[in-house]
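Novice: Can you look at this prediction? I've put the sequence above it.
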Amino acid sequence: MLKIGLTGGIGSGKSAASALFEDQGIYVVDADIVAREVVTRGTPALEKIAEHFGSAILTSNKELNRPKLRELIFTQKNEKIWLEALLHPIIRDEISRQLSSADSPYSLLVSPLLLETDQHEMVDRILLVDVPLPLQIERASSRDGVDTEQIKKIIASQMSRQCKIEKADDIICNDASLSDLKKQIEQQHLHYLELTHG
């Protein structure tokens, strides 16, 4: 089955794009959701995290204290490496399991870090939702209520826009209205359907 990887920087409109593919009846796996699911209460991964960092990394109802973990891995690079070594294979296996249970003509893997991790190896084509930098900053800061400097730092920590454009097989430019995005998604959908029958 054809697997499409959908990616884009912060504020590019990945969520809107993936929702439009879902409207076309396409099975969507969201890497961010999977990353949250594998560390929910009672999972083996969460137990390992608590063993490693101590029970203070859990909230009072035994769930992952995300802000605390984020703070730890931002200040201690070796802890970030440890955490990624634990979670990346688990996330990859779960993404793979979900993609293989797809019941649509092709499936979609939505991941902000598709190109920064080995997740791009799990898909046949890469679809980039691209947006000009000033618009990206404006959308992300108004959506998240975060100041533009913070957004710029996040963008700077990700793969450059130019590099993503070079690696993408297909590009949707999301610099206009939602109806414009919808038209582009519908065209892309038809293109992928042709490829599945090709």
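Specialist: Okay, I see it.

Novice: elements contacting the lowest-mean-pLDDT helix or strand in the chain?
Specialist: Least confident helix or strand, the chain: helix 148-157 with a mean of 83, by mean pLDDT, DSSP states H and E. Judged by 3 or more CB pairs under 8 Å, 6 or more residues apart in numbering; DSSP states H and E, the packing partners of helix 148-157 are helix 133-144. For every residue, glycine as well, the C-beta is placed using N, CA and C.

Novice: So which residues of the protein form strands?
Specialist: For the chain, the strands defined by DSSP state E occupy 2-7, 27-30, 106-110, 125-130, 170-173.

Novice: Work out the sheet partners of the second one and label each with its direction, please.
Specialist: It stands for strand 27-30. Neighbouring strands of strand 27-30 in its sheet, by DSSP bridges, are strand 106-110 (parallel).

Novice: What residues sit buried inside the least confident helix or strand of the chain?
Specialist: By neighbour count on 16 or more other CB atoms under 10 Å, the buried set for helix 148-157 is 151, 154-155.

Novice: same deal with stretch 34-42?
Specialist: 34-35, 38-39.

Novice: so how far is the first residue of that stretch from its last?
Specialist: 15 Å (CA to CA, to the nearest Å).

Novice: Same question for stretch 71-82.
Specialist: Distance across stretch 71-82, first residue to last, is 15 Å (CA to CA).

Novice: Just the buried residues of it, please?
Specialist: So for stretch 71-82, counting by 16+ other CB under 10 Å, buried means 72-73, 82.

Novice: Which ones among those lie within helices?
Specialist: Those of the buried residues of stretch 71-82 mapping onto helices are 72-73, 82, per DSSP state H.

Novice: for those, which one is nearest Gly145?
Specialist: Taking CB to CB as the measure, Gly145 lies nearest Ile73 of these, at 23.0 Å.

Novice: roughly how far apart are that closest one and Leu127?
Specialist: 29 Å (CB to CB, to the nearest Å).

Novice: can you put the strands of the chain in TSV and add distance to Phe21, mean pLDDT and mean neighbour count?
Specialist: Formatted as TSV, the strands of the chain follow (distance: least, CB to CB, whole Å; pLDDT from 0 to 100; neighbours: other CB atoms under 10 Å):
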stretch	distance to Phe21	mean pLDDT	mean neighbour count
strand 2-7	8	97	23
strand 27-30	6	98	20
strand 106-110	5	98	24
strand 125-130	9	98	23
strand 170-173	11	97	18
